[in-house]
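Undergrad: Quick one, fold the following:
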Amino acid sequence: MSLHFSSDSEVPNTKDIMTESGYASATSSDDELPEVVFSKPHLRFLNRQLQFLEPQDILKWCITTLPHLYQTTAFGLTGLVTLDMLSKLDIPRPQVVDVIFLDTLHHFPETLSLVDRVRKTYPLNNIHVFKPAGTETAEEFAKKHGDRLWERDEQLYDWVAKVEPARRSYRDLNVHAVLTGRRRSQGGKRGELDVIEVDETGLIKINPLANWTFDQVKQYIKDNNVPYNELLDRGYKSVGDWHSTQPVAADEDERAGRWKGQEKTECGIHNPLSKFGQYLQELERKREEQALAQALQPTVS
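TA: All right, here's what the predicted structure looks like:
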């Protein structure tokens, strides 16, 4: 194995579970609370303990502790390492962690080819694919939202292509906790990443390889013959949508090729949901103003 790394959208429900960094709101009813709730002190304690464990031990803890656990991944290196580690844990089939893949309809062909290889390599792990609402192809996406939405309205693109499908997957699959591929060494907002987090909807996010470096991840892939994206042998280090991903120089940060030249470092999935809720509310307000303005225009006879 060679491994040559060169260098109709749904508006968020405001009645979602109200939590503050793992602390369940007193206004939430018992029916709304997730099955596992961490207080802030408990969350701090868990992170102090988990940060000293190897990723495999963190994964074992997750499987035995967290109900309705899934892995979310676009099959980047860290996600692939997590998938391989899970496949080698001695656990019964009911505890096998299924995978959620968000097909934005703008992935590289190499990424989609990798998904097929992953299915063959890890047949016990079901892969649940979620696409932007009401679309199955890039052509349908452009017809519904207009050409190059990512350039015209980046926030809206993130919502319809990634955030809304993610929220839909969590709802449809009854997801309470997810494994992610984020690591501190990826930089940006991830530099102070905890092993375990709870977002504002109550979703538990675990970053089992938070402490690992890019070199450690790369070495694991090589040592364990894990299938990986062919683009990583062509100067890419992190692969997202084709329109916002570029190769990077050997001395550049791992995610330097994502949204190059922009301040942006996250696609929205790991940003606060309220940010997108506020954005959509503002978008709806502008639409209402436009509709009112058009209605008040005098008709020409």
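Undergrad: Using CSV, list the CA coordinates for stretch 69-78.
TA: Only the C-alpha atoms of stretch 69-78 are listed here, as CSV (Å, rounded to 0.1, in the frame of the first residue of the first chain):
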residue,chain,number,x,y,z
LEU,A,69,-24.6,6.1,19.1
TYR,A,70,-23.6,6.8,15.4
GLN,A,71,-20.5,7.9,13.6
THR,A,72,-20.7,10.9,11.3
THR,A,73,-18.0,11.1,8.7
ALA,A,74,-17.1,12.3,5.2
PHE,A,75,-14.5,9.5,5.2
GLY,A,76,-11.5,11.8,6.0
LEU,A,77,-8.5,10.1,7.5
THR,A,78,-9.6,10.5,11.1
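Undergrad: and it, how far out from the chain's middle?
TA: Distance, stretch centre to chain centre, for stretch 69-78: 8 Å (Cα atoms, centre = their mean, to the nearest Å).
Undergrad: pLDDT (mean, whole number) over stretch 82-95?
TA: Average pLDDT, stretch 82-95: 84.
Undergrad: can you list contacts of that stretch?
TA: The contact list for stretch 82-95 (Cβ atoms under 8 Å, 6 or more residues apart in numbering) reads 55-56, 59-60, 63, 71, 73, 96-97, 99, 118, 122, 124-125, 179, 181, 208-209, 220, 224, 226. For the C-beta atoms, the positions are set from N, CA and C on the backbone; glycine is no exception.
Undergrad: mind running it again at 7 Å?
TA: 55-56, 59-60, 63, 71, 97, 99, 122, 124-125, 179, 181, 208-209, 224, 226 (Cβ atoms under 7 Å, 6 or more residues apart in numbering).
Undergrad: Just the buried subset of those residues, please.
TA: When these are checked for burial by 16 or more other Cβ atoms under 10 Å, the buried set is 55, 59-60, 63, 71, 97, 99, 122, 125, 179, 181, 208-209, 226.
Undergrad: contacting residues for residue 141?
TA: Counting by Cβ under 7 Å, 6+ apart, residue 141 has contacts 105, 132, 135.
Undergrad: got it, and residue 179?
TA: Residue 179 sits in contact with 62, 71, 82, 97, 206, 208, where contact means Cβ under 7 Å, 6+ apart.
Undergrad: Pairing partners for the closest residue to the second one other than its chain neighbours in the sheet, please.
TA: Distances taken as Cβ to Cβ, 6 or more residues apart in numbering place residue 179 nearest to residue 71, at 4.3 Å, with adjacent residues excluded. Here residue 179 sits in beta bridges with residue 71, residue 206, going by DSSP bridges.
Undergrad: And residue 179, how close does it get to residue 107?
TA: 20 Å (Cβ to Cβ, to the nearest Å).
Undergrad: next one: residue 224
TA: 24 Å.
Undergrad: For the stretch 51-200 of the chain, which segments count as helices?
TA: In the stretch 51-200 of the chain, the segments counted as helices under DSSP state H, counting those that start in this stretch are 55-65, 77-87, 109-121, 138-145, 149-152, 154-158, 164-173.
Undergrad: out of the ones you listed, deepest packed?
TA: Most buried of the helices of the stretch 51-200 of the chain, by mean neighbour count (mean count of other Cβ atoms under 10 Å): helix 77-87, with a mean of 23.
Undergrad: just the angle between that one and helix 55-65, please?
TA: 60 degrees (axes from the mean of the first three to the mean of the last three Cα atoms, to 10 degrees).
Undergrad: By average pLDDT, which secondary structure element in this structure comes out worst?
TA: Using mean pLDDT, DSSP states H and E, strand 19-20 stands out as the lowest-scoring helix or strand of the chain, at a mean of 38.
Undergrad: any weak-confidence spans in this protein?
TA: By pLDDT under 70, the low-scoring segments of the chain are 1-34, 93-95, 187-191, 255-284, 299-301.
Undergrad: now the strands: where do they sit in it?
TA: Secondary structure of the chain (DSSP state E): strands located at 19-20, 23-24, 69-72, 98-102, 127-130, 177-179, 196-198, 204-206.
Undergrad: among the ones you listed, which is nearest residue 147?
TA: Closest to residue 147 of those, according to Cβ to Cβ: strand 98-102, at 21.3 Å.
Undergrad: What is the closest one packed up against?
TA: strand 69-72, strand 127-130, helix 164-173 (3 or more Cβ pairs under 7 Å, 6 or more residues apart in numbering; DSSP states H and E).
Undergrad: residue contacts, residue 120?
TA: Here residue 120 is in contact with no residue (Cβ under 7 Å, 6+ apart).
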